[in-house]
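In: Generate a structure from the sequence data that follows.
(3 chains)
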Amino acid sequence: MGEMTFGGAGEDANFFTTKFDALLGWARKYSLFQYPFVTACCGMEFMAVASPRYDMARFGAEAPRFSPRQADVLWVVGTVSQRQGPVLKRIYEQMTEPKWVIAFGTCASCGGFYDNYTTIPGIDKVVPVDIYIPGCPPRPEAVLDGLMLLMDKIQNGNKDPLVVPPRELPKLAQLRAKKDAKP
Amino acid sequence: MEPLDTHDFTDDDTLELPAEPMRLNMGPSHPAMHGTIRMVLDLDGETVVNVDVQPGYLHRGFEKSCERGTWAQVFPYTDRLNYVSPMLNNVGFALAVEKLCGIEVPERGQYYRVVLGELARICDHFTCNAASGMELGAFTPFLWLMKVRDWIWDVLEKETGARLTHSFGRIGGMAMEPTPDLAMDIRAILPEIEKVVVETETMLVRNRIFMDRMQGTGVLSKERALELGVTGPMLRSTGVAYDVRKDSPYMVYDRFDFDVPVGEDGDNYDRFCVRMEEVRQSMRIVEQALDQMPTDGPVSVDDPRMMLPDKERVYNSIEGTIAHFKLIMEGFAPPKGEVYSFTEGGNGELGFFIVSDGSGTPYRVRVRPPSWFNLQSARELLIGGMIADIIPTFGSVNMIGGECDR
Amino acid sequence: MSKALLDRLATLLGDKLLETTDFRGDEVALVAPADWHAAAEFLRRDEKLAMGQFTDLTAVDYPERAPEEPRFDVLLFVRNPETHKRLRLKTRLADGKTLATLTDLWAGASWAEREVYDMFGISFEGHPDMRRILLYKEFEGHPLRKDYPIDRAQPLVPYRDADDTHKLPPFGVDEGQPFARTDWSRRLEGLDAQVSPSLAVAAGQRASLSSEEVHPVHAPEPAADAAASEN
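Out: Predicted coordinates for the structure are as follows:
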């Protein structure tokens, strides 16, 4: 993924590859073509993210490509059933490198409360995932956080899967409320 | 490639195109199939000769999952049935259990349910029409209608705490009282919604391209629709004025003055127009309900068997703690029996057939999903049409995966 | 609600009508499986009943019934589009027995019967296309039977192992999501690495959103505040 080696691996070459990777990462993160694998409820919030108020186009990620071969990011939006599993795997395999996967919502991340005979308990059982966005469904703000986290990963060449953290930590929010309540 | 002139163009076999139908697989991951439907098409050129519609790619085990928890724990699952209008599902399930117990929610609660439910219906119809327009290339109305949906969701969020999956219904009422700003907030957005409806209609209803794509495609006859179990806007577009709110009024729907819009041809265009008109009727109902709604009084029945005690009481009195514990751990137990209760959901008659064995766990919860039967009719709508007509037809059938496959 | 419909059905069916109930206004007629199709035909064709609108068809499993009693209840819901009257036809069916299809009376019964077949394993004789509909053909068993355990999954694709890729979920199977298991004291001191990256970047704790290094902040305000409130 964006790694190039040159014959003479001197300091200059390293310097060059680092700079080149940074440039490549910069270019990639601002032109993410997405493949929306939308199955369920989270699709409603996905529509909201694409709509004017939240406007995903600001991040250069609004162009959907309904061919996996042209897409960079696979958004898995919603529950994936066992029957859907082979389809998801096949779409992932058809995507060309570099590719990233976002698990949108609780069902895609871990199966959610559909822990039963028909639901895959998280798409990471079938395809590797880069970003997990929790929420049932996640708020558009969380989705944008996830997208920014992915862009940051792409820039840094970080390959670890990450979870979008909550914006407001419950404990801190409580403490702040207490502080605000004081005269 | 061979040079053209070596071909023998007098031979009939080389001139004729192959006559066998071509088999084409569409979906489940196809932009027009909403991710959860697969269609296996037999095509003669561009004409659909036969089609096998295969649902089930979003089967999430709703009915089995309900048999595991308490009655109250079914509400989050019902939210995710028709996830475009979760409030209608909440209310539908609550009404089914209330019918089984033979209880009635206080008037204020009923009006509250009607108001939130009709807002959800507006969202449902807008989403369907927005998607229909977008799939035909009209992206602007999609953005307009999504904008409206966010306004409505703002109100719903303020009321229920969640944008989409509210889980706000309770057996015997609603989770919370309405906020003091409810009427003000809704009255602020209703005129704006009306403007967007007019705007969208100006853009689409007399639009030549839109009319050509929608009129005369996906035609369903009245008799066939009844026999197939089609309900909701899809049935009304064929000319049958069947609306559960009118024909078997539940809650307080008999007190409102509203019309049931019907179509004539039962084609995609009629379905679009019926939905648009129903948005107007829903707005009328909301306005009337806000006028008639009592400003104070309980929204839930005062029955400790099914209603959770106040947090105040749970923390400060032993009786409250025990009542809370019993309701959470054992759940509320309705009487033994089986009932079928039906309401008007976003896509038609949303029925709940529930069987209770007298315990705190549902014995069987069967949903009669309107989308399931509407989708069943899609096969007949598609056969004989062009492959490009699949998109508007499937869009206006408004299959909602969560509800259809459960 | 009037009993007119049930009375009419009783005159048509005679002693084939085993039982009628009227619970909470839902009129139910019970017939034997052999009379299922005949009774449904009366409902459809008789001009006084004229149940032209198909509503639903489903089943309920009662495995705890005595062994000699039939295990399943199969129910048909129909409606008269003119008078808005509804009726429910019910039959009791033993495991392994089949029922006559109703697709010749109401086309809408087709998918409902396929679903009952899929979920309960009740086969309908004469149905043109008796296949599974919600589940896949490799699936064994019928999930809505009470003896099917809810968590017996039958995956079509093998699940990935931990070894086969560098990408792993950031949490173990037995754990919740990591941000739910927070070390609050560390977090309040600003030492916790799970502080919301965007907030942390804004606070100068992190270099970038995805960097792992978190620099503690001095004099954590909320913690001091908490201590103050405890006093």
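
In: Please enumerate the helices of chain C.
Out: C:4-13, C:36-45, C:109-120, C:184-188, C:197-202, C:221-230 (DSSP state H).

In: contacting residues around the residue of chain C found nearest chain B?
Out: Chain B sits closest to C:G108 of chain C, with a gap of 3.5 Å, by CB to the nearest CB. Any C-beta I mention is one placed from the backbone N, CA and C, and that applies to glycine too. Taking CB atoms under 8 Å, 6 or more residues apart in numbering or on different chains, we find C:G108 in contact with B:E227, B:L228, B:G229, B:V230, B:F373, B:Q376, C:F54.

In: hey, where'd the helices end up in the stretch 51-200 of chain B?
Out: Under the criterion DSSP state H, counting those that start in this stretch, the stretch 51-200 of chain B carries helices at the ranges B:62-66, B:74-79, B:86-101, B:107-135, B:139-160, B:182-204.

In: deepest of those helices, which one?
Out: Among those, helix B:86-101 has the highest mean neighbour count (mean count of other CB atoms under 10 Å in any protein chain shown), at a mean of 26.

In: So which residue is dead centre in chain B?
Out: B:G346 (3.2 Å; CA atoms, centre = their mean).

In: Just give the closest residue to that residue, not the sequence neighbours.
Out: B:D124 (3.3 Å; CB to CB, 6 or more residues apart in numbering or on different chains).

In: Can you name the residue of the stretch 151-300 of chain B nearest to chain C?
Out: For the stretch 151-300 of chain B and chain C, the shortest gap (CB to the nearest CB) falls at B:G229, measuring 3.5 Å.

In: my guess is that residue meets B:L375, correct?
Out: No: checked against CB atoms under 8 Å, the pair B:G229 and B:L375 is beyond contact range at 10.7 Å.

In: Direction included, what does the host helix or strand of B:V339 pair against?
Out: Assigned by DSSP states H and E, B:V339 belongs to strand B:337-344. Strand pairing for strand B:337-344, using DSSP bridges, gives strand B:349-356 (antiparallel).

In: Could you confirm whether the following helix or strand past the partner strand reaches chain C?
Out: Sequence-wise, the next helix or strand downstream of strand B:349-356 (DSSP H and E) is strand B:364-368. Yes: shown here: strand B:364-368 in contact with chain C (CB under 8 Å from any CB of the partner chain) through B:R364, B:R366, B:R368.

In: can you put these in a markdown table and add distance to A:F20 and pLDDT?
Out: Below are the residues of strand B:364-368 next to chain C laid out as a markdown table (distance: CB to CB, whole Å; pLDDT from 0 to 100):
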| residue | distance to A:F20 | pLDDT |
| --- | --- | --- |
| B:R364 | 63 | 89 |
| B:R366 | 61 | 91 |
| B:R368 | 60 | 91 |
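
In: Can you tell me which of those lies closest to A:R58?
Out: Nearest to A:R58, judged by CB to CB, of the residues of strand B:364-368 next to chain C is B:R368 at 42.9 Å.

In: any idea how far B:P76 is from A:C136?
Out: As judged by CB to CB, to the nearest Å, A:C136 and B:P76 stand 8 Å apart.

In: Can you pick out the residue with more neighbours from B:G229 and B:L375?
Out: B:G229 (31 against 25; other CB atoms under 10 Å in any protein chain shown).

In: show me what contacts that one?
Out: B:G229 neighbours (CB under 8 Å, 6+ apart): B:F373, B:Q376, C:Q53, C:F54, C:T55, C:D56, C:W106, C:G108, C:A112.

In: and the residue of chain A nearest chain C?
Out: A:P128 (3.4 Å).

In: quick one: that residue and A:L74, what's the gap?
Out: The gap separating A:P128 from A:L74 is 10 Å, by CB to CB.

In: Overlap of the contact sets of those two?
Out: A:V101.

In: So between the two, which is more surrounded?
Out: A:L74 (25 against 19).

In: touching chain C at all, the helix or strand the more buried one falls within?
Out: Assigned by DSSP H and E, A:L74 falls within strand A:73-77. No: applying CB under 8 Å from any CB, one finds strand A:73-77 separated from chain C by no less than 12.9 Å.

In: And the strands in chain A?
Out: In chain A, strands defined by DSSP state E lie at A:34-38, A:73-77, A:100-104, A:131-133, A:162-163, listed in chain order.

In: Which of the ones you listed sits closest to B:S237?
Out: Closest among those, using CB to CB: strand A:34-38, at 26.2 Å.

In: which secondary structure elements does the closest one contact?
Out: Secondary-structure packing of strand A:34-38 (3 or more CB pairs under 8 Å, 6 or more residues apart in numbering or on different chains; DSSP states H and E): helix A:42-50, strand A:73-77, helix A:85-94.

In: Give me the mean pLDDT for stretch B:294-305.
Out: On average, the pLDDT along stretch B:294-305 is 86.

In: So what's the gap between it and the chain middle?
Out: Here stretch B:294-305 is found 28 Å from its chain centre; the criterion is CA atoms, centre = their mean, to the nearest Å.

In: can you check stretch A:92-102 too?
Out: Put simply, stretch A:92-102 sits 12 Å off its chain's centre (CA atoms, centre = their mean).

In: mind listing what residue 100 touches?
Out: In the absence of a named chain, chain A is used. When contacts are counted by CB under 8 Å, 6+ apart, A:W100 touches A:L32, A:D72, A:V73, A:L74, A:D130, A:I131, A:L150, A:K153, A:I154.

In: Can you look at chain C instead?
Out: By CB under 8 Å, 6+ apart, the neighbours of C:A100 are C:W36, C:H37, C:F124, C:E125, C:G126.

In: Chain B contacts on chain A?
Out: A:37-41, A:43-45, A:47-48, A:50-53, A:64, A:66, A:78-79, A:81, A:83-84, A:87-88, A:91, A:113-114, A:116-119, A:136-137, A:139.

In: Just the buried residues of those residues.
Out: Buried members of the residues of chain A next to chain B, scored by 16 or more other CB atoms under 10 Å in any protein chain shown, are A:37-41, A:43-45, A:47-48, A:50-51, A:78-79, A:81, A:83-84, A:87-88, A:91, A:113-114, A:116-119, A:136-137, A:139.

In: Could you say which helix or strand holds B:M39?
Out: strand B:38-44.
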